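>>> Give me coordinates for this.
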Amino acid sequence: MFQPLMLAFGLSSCLLVAWIVSRLQVTDSKEPTLAILARLLTYIPWLVKEIVISNIDVAKRIWQKDMPISPTITTVQASQKTALGLVLHANSITLTPGTLSIDVDDGAIEVHALAAESLGPLHEGEMDRRVTKLEGRN
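Model (predicted):
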């Protein structure tokens with residue numbers, strides 16, 4: 001449903017829940033939840049771009065006759081200090097087609113990838129830096 005009224009109800013209910021959670025102080029972050037939501041506005045477009053790029057890469061691999069895949073499991077370093085940051089990082093990896101977060105430990109995320117080449121950007125740490133910034137640390 002994409003009627004303006006339904007979209008407004010969805011947005012307002014999200015903002016209400018974020019406000020209630022920030023008032024209850026039930027998160028492990030010392031920063032207000034609304035500040036994190038504001039930083040999400042810059043993170044989400046970047047993540048959508050990465051999802052589109054990965055979708056195209058996976059589609060190309062599937063459509064090629066020899067199907068150039070090389071399933072790989074590796075560990076990616078995570079510099080997030082809060083549970084929320086680690087969950088956002090792991091979920092962002094899983095949302096990106098061709099990669100799947102298998103296990104999360106303090107400072108590391110175990111990742112399965114459809115192709116070893118697709119792990120390059122993860123090891124470079126761009127997603128880690130962006131999630132750390134989203135978490136409120138630079």
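>>> quick one: average pLDDT of stretch 99-107?
What stretch 99-107 shows for mean pLDDT is 92.
>>> Alpha carbons of that stretch, as PDB, please.
Taking Å, rounded to 0.1, in the frame of the first residue of the first chain, the C-alpha atoms of stretch 99-107 are listed here in PDB:
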ATOM      1  CA  THR A  99      26.800 -12.500   1.100                       C
ATOM      2  CA  LEU A 100      25.400 -13.900   4.300                       C
ATOM      3  CA  SER A 101      26.400 -13.300   7.900                       C
ATOM      4  CA  ILE A 102      26.800 -16.600   9.700                       C
ATOM      5  CA  ASP A 103      28.100 -15.700  13.100                       C
ATOM      6  CA  VAL A 104      28.700 -12.500  15.000                       C
ATOM      7  CA  ASP A 105      31.300 -12.300  17.700                       C
ATOM      8  CA  ASP A 106      32.900  -9.300  19.500                       C
ATOM      9  CA  GLY A 107      35.000  -7.700  16.800                       C
END
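>>> gap between that stretch and the chain center?
Computed by Cα atoms, centre = their mean, to the nearest Å, the separation of stretch 99-107 from the middle of its chain amounts to 12 Å.
>>> same question, stretch 107-124
Using Cα atoms, centre = their mean, the mean C-alpha position of stretch 107-124 is found 13 Å from that of the whole chain.
>>> Give me the buried positions along it.
Counting neighbours by 16 or more other Cβ atoms under 10 Å, one finds that the buried residues in stretch 107-124 are 109-115, 118-119, 122. From N, CA and C alone the C-beta is placed, and that goes for glycine too.
>>> Could you list which of those belong to helices?
Using DSSP state H, the subset of the buried residues of stretch 107-124 located in helices is residue 122.
>>> taking the buried residues of stretch 107-124 as a set, which two sit the farthest apart in space?
109 and 115 (17.9 Å; Cβ to Cβ).
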